[in-house]
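>>> Take this sequence and fold it.
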Amino acid sequence: MHQFLFKKIDNAQLIVFRVFYGLLVCAECFGAIATGWVRRTFIEPKFTFNFIGFEFLQPLDGNGMYGYFVVMGIFGILITIGYKYRFSAFAFAFMWTGAYLMQKTSYNNHYYLLMLLAFIMAFFPANKSLSVDAYLNPEIKKDSMYNYYRWIIILQLFIVYTFASVAKLYGDWFDLSIIEILMNGKKEYPLIGALLQEKWVHGIIATFGILFDLLVVPALLWKPTRKLFFVLSIFFHLFNSYVFRIGIFPYLSLAFCLFFFNPQAVRNLFLKKKAVTVPDNHVPPKNHKLLLAVLGIYFMVHLVLPLRHHAFKSDVLWTEEGHRLSWRMMLRSRSGTIHYRVVNKDTDEVTSIKLNDYLTKKQRRKVACYPDFAWQFAQHLKKEYRAKGEDISVFVTSKVRVNNSAYAPLIDPTIDLANVPWKHFAHNDWILPQEIE
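Numbering: from 1, shown residues only. Coordinates of the predicted model:
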């Protein structure tokens, strides 16, 4: 194992990937400003729904979040050119993590993957060549790296794709109903809008979605199928980019393919340089035991997180408990209605809350459909009324529909939602079981 992980290999894959990674995160940050995503997500809302436990992370006042994303975009440029790389990469990683955790109304699995990748890349020696750092300090210049750097990326991708594939093995994917729902909003797309409504197309999408996610990493590793699956990857990710409009992720996924091709082929194509001399030794770094322990813990955590919903007695599709951080992508569509009643404990006065007074349209949809959002809004109301000197209870009446199921009550209307704790690692009993007709 040591000989495999700690042998030296050509670092062309990592060097070229760093350039693509930097360009893409720069595009993500400046694109978020240009498309209005920053405005809609951080500036227009009166408050944001943080990941529970990270309430101390709040958007900057006024237009401050524009500056926040500009700074991240600049760090993306510095990553691209490899200037002050370690500082730039860590700075971007922490800033992106902050932006990710301070709001979840626009939650996306790909934002989570980028957070993980940002820290991974910050630890990698990705500035040893084709960088300003190497130009200014030739002593750091190297054309080789340990093999384990490449395999960290590959194993991370394997986890993502495999869990994404397995999560699709359920009824609404097999009967194509969720595909029909996802495609229904694409009717007006030029050229392919009508085609995306065809049942046979839904069948192809469903089958290809499972098989591609399950096979892509092993197939890219195996030389006889590598080129075929690279071509399929181009089609798959460009299709996703056009149909689902998911930002940089399809292009980041294509950039990941660099790690599956021969380093010399990568060097010939992008670096225009002849073969380099790679040290023929397998001497591990001095801290290799600690390194292996840390990597073991990291990957164990990421193997357990996507499985944690099985520890709850509830169905994750209904309760959402254990859904996030689990690579459960494009599996459900939720809609619902919700009504909040605030009861003054001293006077018994009842106030019906108008969500329009507090929330954006997107936030209202989330509050109506997702238990953690409903709970967090109850906490927000409690905090607001407490600031006015009132001690209140908050009761919620809601009905939710998942995919094509019937509407059913989601939250127990007899529970004071403002005064129950949120359970991260157990089922929240105030979330009602789904009524099955």
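
>>> check contacts around Ile81.
By Cβ atoms under 8 Å, 6 or more residues apart in numbering, Ile81 lies in contact with Gly22, Ser131, Val132. To be clear about C-beta, it is placed using only N, CA and C from the backbone, and glycine gets the same treatment.

>>> any idea which of those residues has the most stuff around it?
Tallying neighbours with other Cβ atoms under 10 Å puts Gly22 at the head of the contacts of Ile81, with 24 neighbours.

>>> re the thing from before, among the contacts of Ile81, which ones are in strands?
Taking DSSP state E, every one of these sits outside strands.

>>> Out of the residues you listed, which is nearest to Val396?
Among these, Gly22 lies closest to Val396 (Cβ to Cβ), at 45.0 Å.

>>> Would you mind measuring from the closest residue to the closest one other than its chain neighbours to Leu269?
For Gly22, ignoring the flanking residues on the chain, the nearest one in space by Cβ to Cβ, 6 or more residues apart in numbering is Thr80 at 3.1 Å. According to Cβ to Cβ, to the nearest Å, Thr80 and Leu269 sit 18 Å apart.

>>> Just want to know which of the two has more residues nearby.
Legend: neighbour count by other Cβ under 10 Å for Thr80 and Leu269, higher for Thr80 (21 against 12).

>>> Next, the contact list for that one, please.
Neighbours of Thr80 in contact, by Cβ under 8 Å, 6+ apart: Arg18, Val19, Tyr21, Gly22, Leu23, Cys26.

>>> which other residues reach the helix or strand hosting Gln156?
According to DSSP states H and E, Gln156 maps onto helix 147-167. Contact with helix 147-167 is made by 4-9, 11, 13-14, 113, 116-117, 120, 124-125, 209-214, 216-217, 221, 256, 259-260, 291, 295, 299, 302-303, 306, 326-329, 331, as judged by Cβ under 8 Å, 6+ apart.

>>> Just the residues you listed: which are in helices?
Those of those mapping onto helices are 4-5, 13-14, 113, 116-117, 120, 209-214, 216-217, 221, 256, 291, 295, 299, 302-303, per DSSP state H.

>>> the strands in the protein, which residues?
Assigned by DSSP E, the chain shows strands spanning 8-10, 144-146, 334-344, 350-352, 392-402, 408-409.

>>> The last one: partners in the sheet, and parallel or antiparallel?
So that's strand 408-409. In the sheet, strand 408-409 lines up against strand 392-402 (antiparallel) (DSSP bridges).

>>> buried set for the strand it pairs with?
Buried residues in strand 392-402, counting neighbours by 16 or more other Cβ atoms under 10 Å, are found at Ile392, Ser393, Val394, Phe395, Val396, Ser398, Lys399, Val400, Arg401, Val402.

>>> What is the distance between it and the centre of its chain?
27 Å (Cα atoms, centre = their mean, to the nearest Å).

>>> just use 22 as the starting number from now, easier for me
Taking 22 as the first residue, the last one we looked at is strand 413-423.

>>> neighbouring contacts of it?
Outside strand 413-423, the residues within contact range by Cβ under 8 Å, 6+ apart are 338-339, 353-366, 389-390, 395, 399, 402-403, 406-407, 428-432, 434-440, 455.

>>> Buried only: go through those for me.
Buried by 16+ other Cβ under 10 Å: 338-339, 353-355, 357, 359, 361, 363-364, 389-390, 395, 399, 402-403, 406, 429, 431-432, 436-439, 455, out of the contacts of strand 413-423.

>>> And Met166, how far from Lys28?
Taking Cβ to Cβ as the measure, Met166 falls 10 Å from Lys28.
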